[in-house]
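S.K.: I'd like to go over a predicted model; first the sequence, then the structure.
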Amino acid sequence: MLTPIVDAPVGSPEEHYTKKQWTARNTVERAIGVVKARWRCLLGHRVLYYNPEKAAKIINACVVLHNICNNAHIVNMEEANEELPGALAPADNEVQVELAGGQRNEELQRGEAARAQMVQLLWASR
């Protein structure tokens, strides 16, 4: 999971990355909201009581069926009458993962290195 960089300096590669990350996250969250609106079994208060592999198959099936409905121009009337969820607000702060004694987790360090690489790739391709 690549997280935004809070308080990135204006005009910096980190700010460019963070704006792209927020845009992508917003798009994904809206798509998830549309599928959940059509297939109510995916809503948060309804839990899929299955192992992760089976739950993933159910979610994939819902997405495939959603795409079939869209291609056949079948409108979800409940969705058409509801406003889609709005844009997500940027994260207020980053979660810091620490081990006993204040040592940073190796996974966190690898994640930050991957994010730094993504920042440079996005900056170079703008």
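M.R.: Looks like it arrived, so ask away.
S.K.: just name the shakiest helix or strand of the protein by mean pLDDT.
M.R.: helix 77-80 (a mean of 60; mean pLDDT, DSSP states H and E).
S.K.: grab the nearest non-local neighbour of Gln21.
M.R.: Nearest non-adjacent residue to Gln21, counting by CB to CB, 6 or more residues apart in numbering: Pro4, 5.1 Å away. C-beta: built from backbone N, CA, C; applies to glycine.
S.K.: relative to Asn26, how far out is that neighbour?
M.R.: Taking CB to CB, to the nearest Å as the measure, Pro4 falls 12 Å from Asn26.
S.K.: the spatially most central residue of the chain and Ala31: what is the separation?
M.R.: Of all residues in the chain, the one closest to the mean position by CA atoms, centre = their mean is Arg25, 4.3 Å from it. According to CB to CB, Arg25 and Ala31 sit 11 Å apart.
S.K.: then Ala72?
M.R.: From Ala72 to Ala31 the distance is 19 Å (CB to CB).
S.K.: before we move on, what about Lys54?
M.R.: According to CB to CB, Lys54 stands 22 Å off from Ala31.
S.K.: helices of this protein, residue ranges please.
M.R.: With DSSP state H, the ranges of helices along the chain come out as 13-38, 52-71, 77-80, 106-124.
S.K.: reformat these as a markdown table; add distance to His45.
M.R.: Listed next are those as a markdown table, based on distance: least, CB to CB, whole Å:
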| stretch | distance to His45 |
| --- | --- |
| helix 13-38 | 11 |
| helix 52-71 | 16 |
| helix 77-80 | 16 |
| helix 106-124 | 31 |
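S.K.: mean neighbour count, the ones you listed: which tops it?
M.R.: Per residue and on average, the most neighbours among the helices of the chain fall to helix 13-38, with a mean of 16 (mean count of other CB atoms under 10 Å).
S.K.: tell me which other helices or strands it touches.
M.R.: Packing contacts for helix 13-38, counted by 3 or more CB pairs under 8 Å, 6 or more residues apart in numbering; DSSP states H and E, involve helix 52-71, helix 77-80, helix 106-124.
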